[in-house]
Each structure stands twice: as C-alpha cells, then as structure tokens.
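Trainee: The amino acid sequence is not available; the structure is as follows:
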C-alpha cells in the first residue's frame, strides 16, 4: 500500500508534559507531540514495557538533534520502544525495513499513473520530512553502505531534492525525526548471529546518536506476566522469566553453562507473553499427563528451532520446572 499524505496536513503540534505522558506523573519537562493521532500514528500497547534505555529515546525526542541509532539483540524491543513512545505523543511513524535491494528512491517516492495522468507519490522519508513525522528505518545494518551513504545530507538536516517531481525541495519540518534500529552497531557482526549484516561507512555512522538496548529487567517482565497470566502461580511466572533469560544468554553465547555454542532462537518479551498465555490456556492438559509449560513452549518457540536446539530447550525446561507444571 503506497504512502499518501491524506490527513497529515491537519496535524497540530502541541507541548506535552513528558512525565504525564510516559509515567502519569507531571514532571514540568515539556516535549513536542500532536494534539490528535493520525492514520500513521501507532496504536498504543498498554502492556508495553518501557525499560531504562527508553529514557535515552525520550531525551532524543525532546529536542531537535542528531538522528538516533538503536542497536541490540533481536527481540529486545528496539522498534516497539520507538513506536510506543511515538504512540503516546500522537507522532506519525513512517516505517521501512532495510534490505540489500533497498534504494534511495524507494524512500523518496516515485511517479505513477493516477486517473490517466502522471503524478508523484511521496515515499515514507519525504512524507516524514514534509509533515513532521518520525521516519523509522529498521535493520539499518542490512543496507548496502552506498545506499546508506545517500542519506548523509538528510541526516545533516539538509533539504530533500526530488528531481522526479520537478526538482521539488522538501525542507525538513521542525518536528521531523530520523531513527534507525539494527542488531549490530554498524561495525559488522562479530558474533555470527546475524547473517547478511554489513559493515557501514564510518562517516555515515558518525552522524548518529547511538543507543544500546538489551532485554528488559526481570522485575519488569514479572509485573507484565502478572497482568497477562494471573492464573499462573507467581513462582512459576518467575521461573519462566529465568528460563527466558537463560535462553537469551545461550542465544548471545553468554551462558555460563556447559551447553556449548549459541543457539539460533531467543525469547522476545512478546514471545514470553505468548508462552505464559498458552501455558495458562493449556492447564487442563495436566489432567492428561501432559506438562502445560513444555507443551506451550513448543508452540511458542520450540517448533521454530532446529531439532538439536529444541531438544536442548526441553532439557533446560525439565531441569527448571518441576514435573506437572
């Protein structure tokens, strides 16, 4: 579905209290947002966890500054953190996923036939710059460095020139923001976990404010599971979080156990939520001698893994969960 600017002209900037928006407690520190959401504003998720790294993104949003580059392991919530902050500010978000064949014109727009005549359809980057949106480029480290370097002028705050539209010059709106996410810091992948990532040009990376995001703290996920799966006993929920963090350490190759090399799957918070929810739903299976935790684990993560990894996941589960849970 092509991007259009329908409704974006009606956006009304407004000053909001950052504390009231993000924590419910007024702080006196103001942040720019919009009076009402637009078609492009993400839907707020009441269960989203804003962990400590989020404050860096809030500070970035509060002032017009360098573009932001958030990196960290898969499933740590990089993109969702940016979306959810934008949702609470009614910010329109124009999101693109990077890949090796993505080219600069894909971001700017193209000519197309409309009602028998040629007209220019603005791309996500051009719309964000024109109307004061947040441009979110995911998987930045999958871009060809030459394509990424084509963004240097935009990252420096320069206007966007569109030759295909008669040389139109798009000046960056004061509320325009550019954010990118990736699994690596742009300096290539030393872990071997993220195939296809590319080392980015140093001059390109030098234009970004970098922010590293890890997995949420156990206490935050514990509060979340208490809301999501209240029927599960608190000790079981805590063990599920411990299990998820053990899998994350294995994925990152950081486990202190004797399990050997890293594995190819991991737990995002979303996956953890799904596991708890399914474990809760499958509780009646216990009467048939089926362990709900292990049964739900397969349907959440195990079936995505190789046979060897799935076996390992169940070995760890047998060690951490008493029989019958």
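Mentor: Yep, that arrived. Given the structure is predicted, the values throughout are model-derived calculations rather than measurements.

Trainee: the strands in the stretch 201-325 of the chain, which residues?
Mentor: Ranges of strands in the stretch 201-325 of the chain, per DSSP state E, counting those that start in this stretch, are 209-212.

Trainee: Any regions of it where pLDDT drops low?
Mentor: Under the criterion pLDDT under 70, the flagged ranges of the stretch 201-325 of the chain are 201, 255-261, 323-325.

Trainee: please redo it, this time with the cut-off set to 50
Mentor: 258 (pLDDT under 50).

Trainee: Show residues contacting the longest helix that the chain contains.
Mentor: The longest helix of the chain (DSSP state H) is helix 234-251. Contacts to helix 234-251, defined as CB atoms under 8 Å, 6 or more residues apart in numbering, come from residues 73, 75, 193, 215, 218, 221-222, 225-226, 229, 232, 255-257, 259, 262-267, 271-272, 275-276, 279, 293, 301, 312-313, 316-317, 320-321, 325. Any C-beta I mention is one placed from the backbone N, CA and C, and that applies to glycine too.

Trainee: 7 Å instead, please
Mentor: Applying CB atoms under 7 Å, 6 or more residues apart in numbering, the external contacts of helix 234-251 come out as 215, 218, 221-222, 225-226, 229, 255, 259, 262-263, 265-267, 272, 275-276, 316-317, 320-321, 325.

Trainee: Just the buried ones from those, in PyMOL syntax?
Mentor: Buried subset of those, written as a PyMOL selection, criterion 16 or more other CB atoms under 10 Å:
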select buried, resi 215+221+225+229+255+262+263+265+266+267+272+275+276+316+317+321+325
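
Trainee: For the longest helix of the chain, which residues meet the burial criterion?
Mentor: 236-237, 239-241, 243-251.

Trainee: Could you do stretch 109-126 as well?
Mentor: 109, 120, 121, 122, 123, 124, 125, 126.

Trainee: and the fourth one, bridged to which residues?
Mentor: Going back to what we said before, that points to residue 122. For residue 122, the beta-bridge partners are residue 109 (DSSP bridges).

Trainee: Isn't it up against residue 109?
Mentor: Yes. Here residue 122 reaches residue 109: they are 4.4 Å apart, a contact under CB atoms under 7 Å.
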